[in-house]
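> 3D model of this:
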Amino acid sequence: MKRRLTAAALVLIFPLSMAACGSQSTADACKEISTARTSVHQYSAEHSILDMPFDEVPDHLKKLLDMYRDAGKKVSNKEVKAAFNDVLKDLDKHVEFYRDDTPTTSPEYEQNEQDIDDHGKVLKNLCGFTLDW
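Residues are numbered from 1 along each chain as shown. Below is the predicted model of the structure:
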């Protein structure tokens, strides 16, 4: 009987102790990213990439990427943070390809597109959405 009571107490205390240690749930981590995603969409709607000169596109995309990076500072869930960081690295490369005017037919560009898709799927499996601009 004492074992059952001890086990029951541990089951009740464990989630509280995790919260006290600052452990972030997947849902909370994804909510931080989702909030940034909404801000990115809003900014993109107000500053259409279609209306700007091509040489301004990399700076515009970097600004959007920085908005995501700011959200990343609030993500401490290890799984979500790893998936999110992978996508951010891929998007950062994408911005550099625009800056360098890399042809979309280059093997490096195509690999980056594949990486974005692959890492995006991991994030989607965790959060239910992918990052986009």
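> show me where the chain has helices.
2-20, 26-46, 57-72, 78-100, 107-127 (DSSP state H).
> now those helices in TSV, with mean pLDDT and mean neighbour count?
(C-beta placed from N, C-alpha, C; glycine too.) Below are the helices of the chain laid out as TSV (pLDDT from 0 to 100; neighbours: other CB atoms under 10 Å):
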stretch	mean pLDDT	mean neighbour count
helix 2-20	44	10
helix 26-46	95	16
helix 57-72	95	17
helix 78-100	95	18
helix 107-127	96	15
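> who touches stretch 96-112?
The contact list for stretch 96-112 (CB atoms under 8 Å, 6 or more residues apart in numbering) reads 57, 58, 61, 90, 93, 94.
> Same list (these) but as a markdown table, adding distance to residue 42.
Shown next, in a markdown table, are the contacts of stretch 96-112 (distance: CB to CB, whole Å):
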| residue | distance to residue 42 |
| --- | --- |
| 57 | 19 |
| 58 | 21 |
| 61 | 16 |
| 90 | 23 |
| 93 | 25 |
| 94 | 21 |
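> so what's residue 122 up against?
Listed by CB under 8 Å, 6+ apart, the contact set of residue 122 reads 83, 86.
> Kindly provide the distance from it to residue 86.
For residue 122, the distance to residue 86 equals 7 Å [CB to CB, to the nearest Å].
> Which residue lies nearest the spatial centre of this protein?
residue 84 (3.4 Å; CA atoms, centre = their mean).
> Now do the contacts for it.
Shown in contact with residue 84 (CB under 8 Å, 6+ apart): 29, 33, 68, 72, 75, 123, 131.
> same check, this time on residue 23
Residues counted as contacts of residue 23 (CB under 8 Å, 6+ apart) are 76, 77.
> what about it, distance to residue 120?
Counting by CB to CB, the gap from residue 23 to residue 120 is 25 Å.
> Pretty sure residue 76 sits against residue 25.
No. Contact criterion CB atoms under 8 Å: residue 76 and residue 25 do not qualify, at 10.1 Å.
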